[in-house]
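In: whatever this is, show me its structure:
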Amino acid sequence: MRDPGAREELRARNEALRVQIDGMLEDLHRRSDLLSRAQSEVAALRVEARTPDGLATVTVDSAGAVVDVDLAPEAFARSTPSRLGEAIAATARDAAATARRRVQDLMAPV
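Out: The predicted structure follows:
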């Protein structure tokens with residue numbers, strides 16, 4: 001290629017491609033950092049919910065799995081095992097739904 005105009009045009013196109021690729025790489029790194037932070041927040045997420053009567057507190061992780069159930073000392077005196085079990089199960093479902101919404105919110109920017 002001996003034409004100086006053609007060389008300059010080629011250099012300009014190469015530079016434009018370089019700038020475009022650099023921008024894409026920068027965006028990829030930014031998104032990768034966002035994803036990493038979101039994944040860390042999701043992994044650490046815990047949602048706590050209380051039964052309406054306050055006799056039990058259920059904690060779930062980001063997947064909605066129950067990781068803890070805490071019963072008030074008077075739980076068995078103020079409720080029956082059946083009602084307590086139903087309340088705990090309903091509260092765990094509510095906490096899991098909240099966890100799903102929070103995970104969606106955390107992952108939305110990604």
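
In: helices of the chain, start to end?
Out: All helices of the chain, identified by DSSP state H, fall at 4-44, 75-78, 81-107.

In: among those helices, which is nearest Ala63?
Out: helix 81-107 (7.4 Å; C-beta to C-beta). Backbone N, C-alpha and C define where each C-beta goes, glycine included.

In: centre of the chain to that closest one, how far?
Out: 16 Å (C-alpha atoms, centre = their mean, to the nearest Å).

In: deepest in the core, which of the helices of the chain is it.
Out: Here the criterion is mean neighbour count by mean count of other C-beta atoms under 10 Å, and of the helices of the chain the winner is helix 81-107, at a mean of 15.

In: distance of Glu41 from Arg102?
Out: 9 Å (C-beta to C-beta, to the nearest Å).

In: residue contacts, Ala49?
Out: 57-60, 91-92, 94-95, 98 (C-beta atoms under 8 Å, 6 or more residues apart in numbering).

In: what's the distance between the residue nearest to Arg46 when sequence neighbours are not counted and Arg78?
Out: Closest residue in space to Arg46, ignoring its immediate chain neighbours: Thr59 at 5.6 Å, by C-beta to C-beta, 6 or more residues apart in numbering. According to C-beta to C-beta, Thr59 and Arg78 sit 21 Å apart.

In: just to revisit the earlier point, what's the closest of the helices of the chain to Pro52?
Out: Among these, helix 81-107 sits nearest to Pro52 (C-beta to C-beta), with 7.0 Å.

In: so that closest one versus helix 4-44, what angle?
Out: Orientation check (axes from the mean of the first three to the mean of the last three C-alpha atoms, to 10 degrees): helix 81-107 against helix 4-44 gives 160 degrees.

In: quick revisit: report the contact partners of the residue nearest to Arg46.
Out: Contacts of Thr59 by C-beta under 8 Å, 6+ apart are 46-49, 66-70, 95.

In: just the buried ones out of those residues, please.
Out: 47, 49, 95 (16 or more other C-beta atoms under 10 Å).

In: closest to Val110 among those?
Out: Val110 lies nearest to Val47 out of those, by C-beta to C-beta, at 20.1 Å.
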